[in-house]
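Visitor: Following is a predicted model, sequence given first.
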Amino acid sequence: MTGVAPPELPDNRIGPLVRDVAAYFDAAALAYGHGTDNAFDEAGWLVFAVANLDHADAAKLNDRLLTDDRVAEIRQLAQRRASDRQPLAYLLGEAWFAGLKFRSDARALVPRSPIAELIVNGLAPWLALDASVSALDIGTGGGCIAIALAAHHDMSVVAIDVDAAALALARDNAREHGCDERVEFMLSDVYASVPARRFDLIISNPPYVDAASMTDLPTEYRHEPAHGLGAGFSGLDVVDKILAGARDFLSDRGIVVVEVGDTQAALDAAYPDLAVTWLTMSDGASGIFLVTRYELDRWAAARGD
């Protein structure tokens, strides 16, 4: 941590601690996007995690005093965040997704997909998520999407990834959430090793960063596995595989839900004749498309497939 001074934290109360750490993060010009999008929320996450407090109680905790040991831990972690430019989730070893806490480390991307909102709220009118719905999660990483589906809706999920280390993390997360009997983890490059069967839901937050954007990533993102982010020149290398094989693994009522983020325009340009539905989250987040089995069949027939 050479050259980066720790933050001055003269007040041990929760409120001033959060404000002082946020000011320190602002001065360090950090990049966000791994669970928060601003310095204040990042500081709040750090302070509440170290203090083992619930954010739901924030309004009544402004004057809560922390011990000197806790403040020292906050100071050290804040300094590491500013010096190393690691995602805070890696420093804390935890991240939140769909209201659930997950282990998080450099074996997999930090959980952060807006797909979380879809899982919590369900996918009506396209599907009613419950134990009768089978799902395939492509590129599961640390397992957050698959585990959230199982935890919130008692679903059975097959979760695949190309990285054995990420799958080991995912299995640990599944055990911690009591979902290890409902989530089957499998090493596979998209559908390559998935046994022939039909799923009602194929869902994915795959790599989708294009080649140009990969060269401009902030340092925080360079701590994550590059193969979990980059997907070729246009960012569609993995999405192309998902769409090409989806009909072989979808049930008649099946749907595909995929996050492509800033690659939305590239997807529309590459598939002008495929009628996808772009979903918008409550906070305005976009870049997630949904396509039905019916539409995939129509599209394939039009191409003569």
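Guide: Sure thing, it's come through.
Visitor: show me where the stretch 101-250 of the chain has strands.
Guide: Assigned by DSSP state E, counting those that start in this stretch, the strands in the stretch 101-250 of the chain fall at 134-138, 156-161, 183-187, 199-204, 250-259.
Visitor: For Glu8, find the nearest of those strands.
Guide: Nearest to Glu8 among the strands of the stretch 101-250 of the chain is strand 250-259; the distance by CB to CB comes to 39.7 Å. No exception for glycine: its C-beta is placed from N, CA and C like everyone else's.
Visitor: what pLDDT, on average, does that closest one get?
Guide: Strand 250-259 shows a mean pLDDT of 98.
Visitor: Likewise for stretch 180-192?
Guide: pLDDT averaged over stretch 180-192 gives 97.
Visitor: In it, which residues are buried?
Guide: For stretch 180-192, the neighbour count (16 or more other CB atoms under 10 Å) marks Asp180, Arg182, Val183, Phe185, Ser188, Val190, Tyr191 as buried.
Visitor: Please tabulate the residues you listed in CSV, including the columns distance to Ala82.
Guide: Listed next are the buried residues of stretch 180-192 as CSV, based on distance: CB to CB, whole Å:
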residue, distance to Ala82
Asp180, 37
Arg182, 40
Val183, 37
Phe185, 35
Ser188, 39
Val190, 38
Tyr191, 42
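Visitor: quick one: Ser234 from Leu274, how far?
Guide: Separation of Ser234 from Leu274 (CB to CB, to the nearest Å): 15 Å.
Visitor: my bad, should have said Phe40
Guide: When Phe40 is compared with Leu274 (using CB to CB), they lie 41 Å apart.
Visitor: Same question for Ala301.
Guide: Ala301 is 12 Å from Leu274, by CB to CB.
Visitor: And for Ala285, the neighbour number?
Guide: 15 (other CB atoms under 10 Å).
Visitor: what sits against it?
Guide: Residues near Ala285 by CB atoms under 8 Å, 6 or more residues apart in numbering: Pro114.
Visitor: Pull the residues that contact whichever strand or helix holds Trp299.
Guide: Taking DSSP states H and E as the criterion, Trp299 maps to helix 293-303. With contact meaning CB under 8 Å, 6+ apart, helix 293-303 is reached by 243, 246-247, 250-256, 273-276.
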